[in-house]
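> no FASTA, just this:
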């Protein structure tokens, strides 16, 4: 069912002796929407540029359809890129920008016009053919860039934070639009972003990156619900991360109390990160709570209230549709499956034994 | 309102300067070209211009045509040498690039006359180059006082004015636009012809303007390296003022030369505007 298209094997990238990518292993499947997600400087753009052919990895292999691809120059790859700031040709009008790839690839003249017209229709820019690209808005330039890449029928489309420069509303529209185009065209998308919400709503697969390594690969729901380490938990959505000790299988201790949990396989008394999503904590009357704290602040966030509760050793972030009165003492409650136990990630910044977690 | 007026007053020194040293001489030249001093003071005349455009004896027009031809050839050679130079320079890594572009500018800090005199001693029949050839057992070549020497002098002196504007445009071309061309299937040659060169045209036009203008008006280079028989229009004008003493004719020729320059500059400017408006020429 899933056909492998691109594979990076132990890819290392060094600039001036500094490792930007540390042994990346990544498989991209045909027709998949894969997102490389991570903070700036994590190596996601470098990974994309290696696939696009703009960088050659210091070591490791890039395979395309199982064939080594490292030294194939960009113009020979069936891969097209949408650049961060669109990189439209300023000296060409909209039509000629989109037609560029067809012209350099010597597509017969009589096929160019229908292809470009169809593509401009797809991105909603029919009638803009003779407009100067600098006269277009950011969103329109974005659409030209998409049309310019897609008209070449690439096997893979690389998108480098393509929506970063757009305002929130336009970004939401384009997210839907891109997803629709991807599903309609059946082209594999490799998408780079630092926006976790964007990644979660668009992708089939997300690879979370940090410090030149891939922290976790999985579906959006897996990544959100089962983060493999505290970095992923922290980066994807908001999290309460507190220090705990794994007393034994299915029993964790933090804040001086023991709690039932669903995790096992840790060393006895191993120091762990305990991750709790803000929406998984319920505020309950004091006597019903597993533990308690004083409400420090309540902020209205639209759909929910963000309530900060100080339990003495940790300030908990709670998302709830009910407001609380600051200064009151409340009880807090959660289910055992809401406690996510992870090998220590912070503070040294390296993943302790991702392999063992699997 | 008050602020803009106060700012405008900052331009006053330059305004006075321009009035005295630019506008007044221009008006004087125009005056001298159109009036002559008769017994009853100054009288209007077109005789200076008619003398220049005398088709039965087109000596002066021949000089003008030669000047334009020499300037054109020099400009084309500057472009052929300068563009690749600028391109290579723009591709160097920034540290090396700064040193090399510094080396290009360095001779420009030395007086123009000195550099031309230096070439005289190099190119002379008994000069450095010919004695070098002689010591290798090769026959001497006659370079001095030929049109070739004038063109050579022009190219040497004006090449930086071609390289620098092109280089400045090339380094400002967005790198991702060049990558986009490769990404869309253009190899190096196509990327160059379809993207880099069209985007560098503003630099090329200003480079052409900045080489052609001085080359067409120069009189020192043609005098020193070209000798008498390769005189350019600039030499002719100089002669009218300094040896012949016919200020009226010299002024008329200056006016003609200025008109030519205005036309060329206007043409170059309109071309640049077309480009920045984008897509019009396609």
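Thanks, I have the structure now. Just so it is clear, the model here is predicted, and its values are computed rather than measured.

> what about residue B:141, is that helix, strand or coil?
coil (DSSP: H, G, I helix; E, B strand; the rest coil).

> likewise the one 4 residues further on?
Under the three-state scheme (three-state DSSP), residue B:145 adopts coil.

> could you say which helix or strand contains residue B:36?
If you go by DSSP states H and E, residue B:36 is part of strand B:35-38.

> Show me what that strand is packed up against.
strand B:41-44 (3 or more Cβ pairs under 8 Å, 6 or more residues apart in numbering or on different chains; DSSP states H and E). (C-beta placed from N, C-alpha, C; glycine too.)

> mind listing what residue B:85 touches?
Each residue near residue B:85 by Cβ atoms under 8 Å, 6 or more residues apart in numbering or on different chains is listed here: B:159, B:163.

> again, but for residue A:83
A:145, A:160, B:176, B:179-180 are the contacts of residue A:83 under Cβ under 8 Å, 6+ apart.

> Give me the subset of these that lies in helices.
A:145, B:176, B:179-180 (DSSP state H).

> want to try JSON lines for these, with neighbour count, distance to residue A:58 and pLDDT as columns?
Formatted as JSON lines, the ones in helices among the contacts of residue A:83 follow (neighbours: other Cβ atoms under 10 Å in any protein chain shown; distance: Cβ to Cβ, whole Å; pLDDT from 0 to 100):
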{"residue": "A:145", "neighbour count": "25", "distance to residue A:58": "30", "pLDDT": "94"}
{"residue": "B:176", "neighbour count": "18", "distance to residue A:58": "22", "pLDDT": "92"}
{"residue": "B:179", "neighbour count": "19", "distance to residue A:58": "20", "pLDDT": "94"}
{"residue": "B:180", "neighbour count": "28", "distance to residue A:58": "25", "pLDDT": "95"}
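
> re the thing from before, for the contacts of residue A:83, work out which two are farthest apart.
Greatest spacing in these, by Cβ to Cβ: A:145 and B:179 (12.7 Å).

> ok, back up a step: nearest to residue A:316 among the contacts of residue A:83?
residue A:160 (37.1 Å).

> Spit out the contact partners of the closest one.
A:45, A:48, A:81-84, A:192.

> hang on, the earlier thing: between residue A:145 and residue B:179, what contacts are shared?
Shared between the contact lists of residue A:145 and residue B:179 (criterion: Cβ under 8 Å, 6+ apart) are residues A:83, A:87.

> so how far is the helix or strand hosting residue B:82 off the chain centroid?
According to DSSP H and E, residue B:82 maps onto helix B:59-91. How far helix B:59-91 lies from its chain's middle: 8 Å, per Cα atoms, centre = their mean, to the nearest Å.

> what is the mean pLDDT for that helix?
Helix B:59-91 shows a mean pLDDT of 94.

> That helix: which residues count as buried?
Across helix B:59-91, burial judged by 16 or more other Cβ atoms under 10 Å in any protein chain shown covers B:60, B:63-64, B:66-68, B:70-71, B:73-75, B:77-79, B:82-83, B:85-87, B:89-90.

> thinking again about what came up before, can you put the ones in helices among the contacts of residue A:83 in JSON lines and add distance to residue A:216?
Compiled in JSON lines, those are given as follows (distance: Cβ to Cβ, whole Å):
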{"residue": "A:145", "distance to residue A:216": "30"}
{"residue": "B:176", "distance to residue A:216": "30"}
{"residue": "B:179", "distance to residue A:216": "30"}
{"residue": "B:180", "distance to residue A:216": "32"}
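
> ok, those residues vs residue B:27, which is closest?
residue B:176 (51.5 Å).

> Excluding covalently adjacent residues, which one is nearest to that closest one?
Of all residues not flanking residue B:176 in the chain, residue A:87 sits nearest, at 3.9 Å (Cβ to Cβ, 6 or more residues apart in numbering or on different chains).

> any idea whether that neighbour is helix, strand or coil?
Here residue A:87 is coil, with the state taken from three-state DSSP.

> domain ranges for chain B?
Domain assignment for chain B by automatic domain parsing gives B:1-45, B:53-278.

> and residue A:318, what does it touch?
The contact partners of residue A:318, by Cβ under 8 Å, 6+ apart, come to A:278-279, A:281, A:283, A:306-309, A:332.

> Any of the residues you listed buried? List them.
Buried residues within the contacts of residue A:318, defined by neighbour count using 16+ other Cβ under 10 Å: A:278, A:281, A:283, A:307-309, A:332.

> Next up, the contacts around residue A:125.
Residues in contact with residue A:125, defined by Cβ under 8 Å, 6+ apart, are A:94, A:140, A:143-144, A:147.
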